[in-house]
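Participant: quick one, what's the 3D model for this:
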Amino acid sequence: YLRVYGKLNHNIRCTVRGYRNLMGDFTGNTVYTGFKKIYTGKSQLQTGHIPRGIVGEFDVMTCRDLGNGEVQYFRIRYD
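Facilitator: Residues are numbered from 1 along each chain as shown. Now for the predicted structure:
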């Protein structure tokens, strides 16, 4: 679970997307796994359970303040 805080009385939206690092001949490349969850809230939000990825996968959470357009990115890695 993650909790995100924004500015007072601003609507926020966070999107979590899953990615996988490729190996072998494709080392250094990344592909989208299809995992996507969207969370919304006012001033703050709490995600539901985010399933643990496998080694080599990571999630990127993009949070946007819908009031002023500010965007923050967070990377969650599973080692």
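Participant: so the residue most central in space within the chain bridges to which residues?
Facilitator: By Cα atoms, centre = their mean, the chain has its centre lying nearest to M61, at 1.7 Å. Beta bridges link M61 to V16, F74, judged by DSSP bridges.
Participant: now it: how far from I54?
Facilitator: 18 Å (Cβ to Cβ, to the nearest Å). Backbone N, C-alpha and C define where each C-beta goes, glycine included.
Participant: go on, F35?
Facilitator: For F35 relative to I54 (Cβ to Cβ), the value is 12 Å.
Participant: who's more crowded, the two?
Facilitator: More crowded of F35 and I54, by other Cβ atoms under 10 Å: F35, with 15 against 8.
Participant: what sits closest to the more buried one if chain neighbours are left out?
Facilitator: Leaving out its chain neighbours, the residue that sits closest to F35 by Cβ to Cβ, 6 or more residues apart in numbering is G18, at 3.2 Å.
Participant: what strand or helix carries that neighbour?
Facilitator: strand 11-21 (DSSP states H and E).
Participant: for the protein, what's the longest strand?
Facilitator: Looking across the chain with DSSP state E, the single longest strand is strand 30-42.
Participant: okay, buried residues for that one please.
Facilitator: Going by neighbour count (16 or more other Cβ atoms under 10 Å), the buried part of strand 30-42 is 37, 39, 41.
Participant: what about the nearest residue to the first one once chain neighbours are set aside, how many neighbours?
Facilitator: Going back to what we said before, that points to K37. Distances taken as Cβ to Cβ, 6+ apart put V16 closest to K37, at 4.7 Å, once the chain neighbours are dropped. Number of residues near V16 (other Cβ under 10 Å) recorded here: 19.
Participant: just H10 next, same as before
Facilitator: Number of residues near H10 (other Cβ under 10 Å) recorded here: 15.
Participant: quick one, what contacts it?
Facilitator: 42-43, 65-68 (Cβ atoms under 8 Å, 6 or more residues apart in numbering).
Participant: going by distance to Y78, which of the residues you listed wins?
Facilitator: Top of the list for closeness to Y78, among the contacts of H10 and by Cβ to Cβ, is D65 at 27.5 Å.
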